[in-house]
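**Q** attaching a predicted model along with its sequence, questions to come.
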Amino acid sequence: MPVTVARIKRKAAELGFNLCGLTPAKPSPTLAAYLRWLRRGMHGEMRYLARTDRVRRRQDLREILPGAKTLIVVGLDYYARYADEATLSDPARGRIAAYAWGLDYHNVLALRLEAFAEWLTEASGVKPAQKVYVDTGALLERSHAQQAGLGFIGKNTMLIHPRRGGTFFIGEIITALEFDDYDAPQRETMCGSCTRCLVACPTDAFPEPFVLDSRRCISYHTIENRGWIDRELRADFGNWIFGCDICQDVCPFQRFAEETEEVAFLPFDLDRVAPQLTDILMSNEPSFRAMFRRSPVERAGRELIVRNACIAAGNWRGKVAIPHLIQLLYDDSALVRGHAAWALWRTMELDSSKLLTDLYQREDDERVRAEVEALLG
Ligand code: SF4
C-alpha cells in the first residue's frame, strides 16, 4: 500500500498527535521578517539564532537535509486545567508557564516523532532521507506549521488553531518523500481588530503587532537570559519564575482549548505549577533537582530559577521571605546575591540598608557591588 497523505495523518492520530499537516519543504514566507527581526537585535542574548549556518538552514531546508521535499508538522496539546487563577497568581507562589507543568516535552515529542519517522521508512519502502525536529531553532517552526494548515499566526507571534487555541507543541519530520496533495495553508492571521495580547503584556514586549522584542519579554528573561535582569523590568514580572502565559491566556481563541489527554504533560502536584517562593529560595542543588526532576524547569538549573524567585519575592514583599533572602546574600552565585539584594530592598526598604552595606563591604563581584550602589543610591 503506498504511503499517502491520508495514511500519514491516520498514523499521526494513532501515535497520539492532535494535529498533523504536510507542506512542501520550501523557505518560510516569514523569512524576510525574521531576518529584519534579527537585524533589529530583538533576539537579545540568543546570539545563536543569528549564526550564519543557522540562517542558511532557515533559508534553504536542503541545508538541513539534502533532497528535502516535505515537512510533516504535528501538534500535541498540553493544556491542563490544574489550578485556579487565584492560586496561580498568589504572589507568595512562583508561577510556571503551562507548557512546563509536565515532563520535558522535547523528550516526549522526539521519541514519538522518531517512531513516526521509522514507520514512514517502513511504509514507504524506499528508506527516504529524513530528520526529526523539536524546537531546535533550525526551522521557523510556527511559519511552516501555518503553511501546513495547523493554525494562523497571532499578533502575539504564537501559532493559534482557530478551534483549539494555541496550547500545543509542534514538531516536524523533514523528509525526501514527495506528495501531490499537500495541505492548504491556514489564513495568515485571524486576529482582526483584537489587540488583547498587545495590551495585556506587562512589559510592553510587542513594539508592533506580530513583532516580539525578546529583550522585554518575561518568557525570554526567565528562561533564556542567564545574566542580570534589567532593574527597570523586574517590577513588571509579577510572580512568573519560568516563562509567561499572559499573551496566550488573554487570547479569545483560548476558550476553545481542550485539556490534553497526554498524561506526560499533566503536573504531579502544585509544586510543578506554582511552588511556594520560600521553597525555591531555600533550595540547594539536590532539593532543586528533586523538585523539578525531568521537567523543563530542571534544565534551566537552580541558579536561574532562584534568581527569578528573588525577583518574584521582591514583587511579593512578603516578610516571611526575608530570612531566606538574607541567606542568599551568601550564595555562591553572584547573580543570586545581586537579585536577592534587590528583593530585600523591595521588601524591607530602608531597613535593609545595614544588610546591603555589609554585603557591599565583603563583596568582590563588580556586578553585585554595582547593584547595591544603585539600590542605596
Ligand atoms: Fe490575536 Fe487577539 Fe489572540 Fe492577540 S489576543 S493573538 S490579537 S486574537
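**A** That came in fine, so what should we check first?
**Q** run through the bridge partners of the closest residue to residue 186 other than its chain neighbours.
**A** Nearest residue to residue 186 in three dimensions, chain neighbours excluded: residue 152, at 4.8 Å (Cβ to Cβ, 6 or more residues apart in numbering). C-beta: built from backbone N, CA, C; applies to glycine. With DSSP bridges applied, residue 152 shows beta-bridge pairing to residue 160.
**Q** what's the neighbour count on residue 152?
**A** The number of residues packed near residue 152 is 22, by other Cβ atoms under 10 Å.
**Q** so what's whatever residue of the stretch 51-200 of the chain ends up closest to the ligand up against?
**A** Residue of the stretch 51-200 of the chain nearest the ligand, by Cβ to the nearest ligand atom: residue 154 (2.6 Å). Applying Cβ atoms under 8 Å, 6 or more residues apart in numbering to residue 154 gives the contacts 160, 166, 189, 191, 197, 251, 253.
**Q** contacting the ligand as well, which ones from those residues?
**A** The overlap between the contacts of residue 154 and the neighbours of the ligand (Cβ under 6 Å from any ligand atom) comes to 191, 197, 251, 253.
**Q** need these in JSON lines (columns: pLDDT and secondary structure).
**A** Output for those, formatted as JSON lines (pLDDT from 0 to 100; DSSP: H, G, I helix; E, B strand; the rest coil):
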{"residue": "191", "pLDDT": "97", "secondary structure": "coil"}
{"residue": "197", "pLDDT": "98", "secondary structure": "helix"}
{"residue": "251", "pLDDT": "98", "secondary structure": "coil"}
{"residue": "253", "pLDDT": "98", "secondary structure": "helix"}
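**Q** pull the most distant pair out of those residues.
**A** Maximum pairwise distance in these, criterion Cβ to Cβ, is 10.5 Å, between 197 and 253.
**Q** buried residues in the lowest-mean-pLDDT helix or strand in the chain?
**A** Lowest by mean pLDDT, DSSP states H and E among the helices and strands of the chain is helix 52-59, with a mean of 78. When burial is assessed from 16 or more other Cβ atoms under 10 Å, helix 52-59 yields the following buried residues: 54, 57-58.
**Q** and of these, the nearest to residue 23?
**A** Each of the buried residues of helix 52-59 was scored against residue 23 by Cβ to Cβ, and residue 58 proved nearest at 15.1 Å.
**Q** now the end-to-end length of stretch 244-258.
**A** End-to-end distance for stretch 244-258, by Cα to Cα, to the nearest Å: 20 Å.
**Q** excluding chain neighbours, what is closest to residue 83?
**A** Distance criterion Cβ to Cβ, 6+ apart; nearest residue to residue 83, sequence neighbours excluded, is residue 273 at 5.5 Å.
**Q** now residue 221
**A** Nearest one to residue 221, counting by Cβ to Cβ, 6+ apart, is residue 229 at 5.4 Å.
**Q** quick check: pLDDT value at that neighbour.
**A** pLDDT recorded at residue 229 is 97.
**Q** with the one 3 residues further on instead?
**A** With respect to pLDDT, residue 232 scores 95.
**Q** centre of the chain to the longest helix belonging to the chain, how far?
**A** Scanning the chain for the longest helix, with DSSP state H as the assignment, gives helix 105-124. Offset of helix 105-124 from its chain centre (Cα atoms, centre = their mean, to the nearest Å): 23 Å.
**Q** what's it packed up against?
**A** Other elements packing on helix 105-124 under the criterion 3 or more Cβ pairs under 8 Å, 6 or more residues apart in numbering; DSSP states H and E are helix 5-14, strand 70-77, strand 130-133, strand 168-175.
**Q** in JSON lines: these, plus mean pLDDT, distance to residue 206 and mean neighbour count.
**A** Converted to JSON lines, the helices and strands packed on helix 105-124 look like this (pLDDT from 0 to 100; distance: least, Cβ to Cβ, whole Å; neighbours: other Cβ atoms under 10 Å):
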{"stretch": "helix 5-14", "mean pLDDT": "97", "distance to residue 206": "33", "mean neighbour count": "16"}
{"stretch": "strand 70-77", "mean pLDDT": "97", "distance to residue 206": "24", "mean neighbour count": "26"}
{"stretch": "strand 130-133", "mean pLDDT": "92", "distance to residue 206": "27", "mean neighbour count": "20"}
{"stretch": "strand 168-175", "mean pLDDT": "96", "distance to residue 206": "21", "mean neighbour count": "25"}
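**Q** so can I have TSV of those showing distance to residue 352?
**A** As requested, the helices and strands packed on helix 105-124 are arranged in TSV below (distance: least, Cβ to Cβ, whole Å):
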stretch	distance to residue 352
helix 5-14	56
strand 70-77	45
strand 130-133	48
strand 168-175	42
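**Q** what does the stretch 251-377 of the chain put close to the ligand?
**A** Close to the ligand, as judged by Cβ under 6 Å from any ligand atom, the stretch 251-377 of the chain has residues 251-253.
**Q** of the residues you listed, buried ones?
**A** The neighbour-count test (16+ other Cβ under 10 Å) marks 251, 253 as buried among these.
**Q** from the residues of the stretch 251-377 of the chain next to the ligand, pick the one nearest the ligand.
**A** Nearest to the ligand among these: residue 251, at 3.2 Å, using Cβ to the nearest ligand atom.
**Q** can I see the domain layout of this protein?
**A** Domains of the chain are assigned by automatic domain parsing as 1-89+102-214+251-266, 215-250+267-376.
**Q** which one of these has the poorest average confidence?
**A** domain 1-89+102-214+251-266 (a mean of 92).
**Q** who's in contact with residue 56?
**A** Applying Cβ under 8 Å, 6+ apart, the residues near residue 56 are residue 63.
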